[in-house]
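quick one: sequence plus predicted model below, questions after.
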Amino acid sequence: MRTVVYPGSFDPLTNGHLDVIERAARLFDRVIVAVAQNAEKAPLFTPEERCALVVGATRQLGNVEARAFDGLLVDYVRGCDAQAVIRGLRAVSDFEFEFQMALMNRKLDERVETIFMMPKDTYTFLSSRLVKEIARLGGDVRDFVPKNVGKALAKKFGAEPVRRPAKGN
Ligand code: PNS
């Protein structure tokens, strides 16, 4: 059984995250999406809400689960009996931080391998932070997040998602 942990804040899940999850689900028997509690980041969604959004968006995959985690990632990975950690790399600008984190995790536990996966190029500009800002200001986020996440954002900000103008207008 090859298990991989995909950790992150997922506040909220975007189509870029989902693309990475789908790729990981094809390579591994089991993908655990590990939702960091990250209290210091003052997340918009609670860990339970973020997990539920991941579950709702990945139901069709069959080998993906979502769990909230706290504490050191390497401890969590060991507890899951996982072989590796997946992180998405959107652009070169992500690399420096991700490289530092991967090497630090290796230093903390040399058995924890980090695998970088690139989402589809059309998602390289996507981030949860931008999606939240657009949704908060009443913009249309339907191209950027799974349907259930779009609904949850609209509910959080007390608005219906903005209607997209017909093509050609
Ligand atoms: O989606 P994010 O915010 O980039 O995810 C960052 C995350 C949660 C993967 C990272 O902050 C993390 O691993 N946190 C757990 C605490 C930990 O192990 N810190 C040391 C990392 S070297």
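Everything's here; your move. None of these values were measured; they are calculated from a predicted model.

which parts of the protein are strands?
Along the chain, counting by DSSP state E, strands occupy 3-8, 30-36, 64-69, 84-88, 113-117.

which one of these is the most hemmed in?
Neighbour counts (mean count of other Cβ atoms under 10 Å) averaged over each of the strands of the chain peak at strand 30-36, with a mean of 24. Using the backbone N, CA and C atoms, a C-beta is placed for each residue, glycine as well.

thinking again about what came up before, reformat the strands of the chain as CSV; add distance to the ligand.
As requested, these are exported to CSV (distance: least, Cβ to the nearest ligand atom, whole Å):
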stretch, distance to the ligand
strand 3-8, 3
strand 30-36, 3
strand 64-69, 8
strand 84-88, 7
strand 113-117, 10
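
now that we have those, can you turn them into JSON lines and tack on mean pLDDT?
Output for those, formatted as JSON lines (pLDDT from 0 to 100):
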{"stretch": "strand 3-8", "mean pLDDT": "98"}
{"stretch": "strand 30-36", "mean pLDDT": "98"}
{"stretch": "strand 64-69", "mean pLDDT": "98"}
{"stretch": "strand 84-88", "mean pLDDT": "97"}
{"stretch": "strand 113-117", "mean pLDDT": "97"}
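
okay if I get those strands as a markdown table plus distance to residue 101?
Compiled in a markdown table, the strands of the chain are given as follows (distance: least, Cβ to Cβ, whole Å):
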| stretch | distance to residue 101 |
| --- | --- |
| strand 3-8 | 10 |
| strand 30-36 | 12 |
| strand 64-69 | 15 |
| strand 84-88 | 7 |
| strand 113-117 | 8 |
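
so which of those strands is nearest residue 147?
Evaluated with Cβ to Cβ, those place strand 64-69 nearest to residue 147, the distance being 16.7 Å.

and the angle for that closest one with strand 3-8?
60 degrees (axes from the mean of the first three to the mean of the last three Cα atoms, to 10 degrees).

all helices for this protein, in order.
Using DSSP state H, the helices of the chain run over residues 15-27, 47-58, 73-79, 92-108, 128-136, 147-156.

what comes up buried for the third one?
If I follow you right, that is helix 73-79. By neighbour count with 16 or more other Cβ atoms under 10 Å, helix 73-79 contains the buried residues 73, 74, 76, 77.

how long is stretch 8-17 from one end to the other?
Stretch 8-17 has an end-to-end distance of 9 Å (criterion: Cα to Cα, to the nearest Å).

er, stretch 136-148 actually
So stretch 136-148: terminal residues 16 Å apart, Cα to Cα.

starting at the chain centroid, how far to it?
15 Å (Cα atoms, centre = their mean, to the nearest Å).

cool, thanks, signing off.
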